[in-house]
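# Let me see the structure of the following:
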Amino acid sequence: MEEVVEEREEQEGQPEPIPEPAPRPARRRGRTALLICTAAVLGLVAGTCTGYLIQADRTPTKLPPLSQPVLKQSTGKGPEPLSAAQDRKVRTDGDLRKLLLKKPAGAKDVGWPTSHDGWMDLAEYADMYTKPGDAFGDLVADEFRRAAVTAWDTGDTTVEIRLIQFRQEEATAATEYDENARYWAEDQDDTDSWPLPGTAKGMVYVHRAPVREAGYEPYYTAQASAHRGDIAVEVWISGDRPVSKKAIMDLAKRQMERL
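Numbers count the residues shown, from 1 in each chain. Predicted coordinates:
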């Protein structure tokens, strides 16, 4: 009994515990953002309506008449067509074989077939590449039209000239063909090069190192590459001795003059 009384006295002497504050209610988020978005939408709708009402009150702008004034047809004869000297297309659409250099006096035909009557079709021309199948597909894609070829043997040297014409309905294939020929010529070792006068990017190359093939005597080559319009030009000289710059340059210049 005394222990109970003492325990109560001890409890009455201690301070009462402070009650914990009640948790605050969570704040609702998104209400302010929703009010701002709603106000923006209402402002946009109001602005659109106001603009529409202002535009509706304005006088419509008159459209120009659909019919145009009739132009008077000129009288008299039209201009004369350009001559071959003025219009290069007149010459290049004709017989390309006539634009090839003529075989010099005393020169002989080469000992291998180059073409039929001076013409080379797509298959014959592609067969001159190391990979004829790939070349055939590339020439078809490049819109190959035709090729005129001539060749002769002077005894000391052999000359071959090719004029390759493209349709050029989708791309300037003659230009690309010329660039590709220059790339392979410049890729060879021991090669000297010079610009071909009278052309945009035509070049003349003399290869000082001989070509060596199994079963053949070593031989030297020189070449020229250029283009004019839709025609790519190839000029080749080969012989037992190194070809001079003068020989290939003179031959290439005379061929380009005929185009």
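# Is Y177 part of a helix or strand, or is it coil?
helix (DSSP: H, G, I helix; E, B strand; the rest coil).
# got a pLDDT number for the residue nearest to it when sequence neighbours are not counted?
Spatially, and ignoring its direct neighbours in sequence, Y177 is nearest to A232 (4.3 Å; Cβ to Cβ, 6 or more residues apart in numbering). Where C-beta positions appear, they are placed from N, C-alpha and C, glycine not excepted. The per-residue pLDDT reported for A232 equals 94.
# what helices or strands is whichever helix or strand A232 is part of leaning on?
Here A232, judged by DSSP states H and E, is contained in strand 231-239. Judged by 3 or more Cβ pairs under 8 Å, 6 or more residues apart in numbering; DSSP states H and E, strand 231-239 is in contact with strand 157-166, helix 173-186, strand 219-228, helix 245-257.
# how distant is that strand from the center of its chain?
25 Å (Cα atoms, centre = their mean, to the nearest Å).
# try stretch 242-255
Per Cα atoms, centre = their mean, the centroid offset for stretch 242-255 relative to its chain is 31 Å.
# which residues are contacting that stretch?
By Cβ atoms under 8 Å, 6 or more residues apart in numbering, the surrounding residues in contact with stretch 242-255 are 100-101, 157, 159, 161, 192, 194, 196-198, 202, 204-206, 208, 220-224, 226, 233, 235, 237.
# Extract the C-alpha set from that stretch and format it as PDB.
Extracted in PDB, the C-alpha atoms of stretch 242-255 (Å, rounded to 0.1, in the frame of the first residue of the first chain):
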ATOM      1  CA  PRO A 242      60.000   5.900-124.200                       C
ATOM      2  CA  VAL A 243      57.400   8.100-125.800                       C
ATOM      3  CA  SER A 244      58.300  11.800-125.900                       C
ATOM      4  CA  LYS A 245      56.100  14.600-124.500                       C
ATOM      5  CA  LYS A 246      56.000  16.300-127.900                       C
ATOM      6  CA  ALA A 247      54.600  13.200-129.700                       C
ATOM      7  CA  ILE A 248      51.600  12.600-127.300                       C
ATOM      8  CA  MET A 249      50.900  16.300-126.900                       C
ATOM      9  CA  ASP A 250      50.800  17.000-130.600                       C
ATOM     10  CA  LEU A 251      48.600  14.100-131.300                       C
ATOM     11  CA  ALA A 252      46.100  15.000-128.400                       C
ATOM     12  CA  LYS A 253      45.900  18.600-129.400                       C
ATOM     13  CA  ARG A 254      45.100  17.800-133.100                       C
ATOM     14  CA  GLN A 255      42.400  15.400-132.000                       C
END
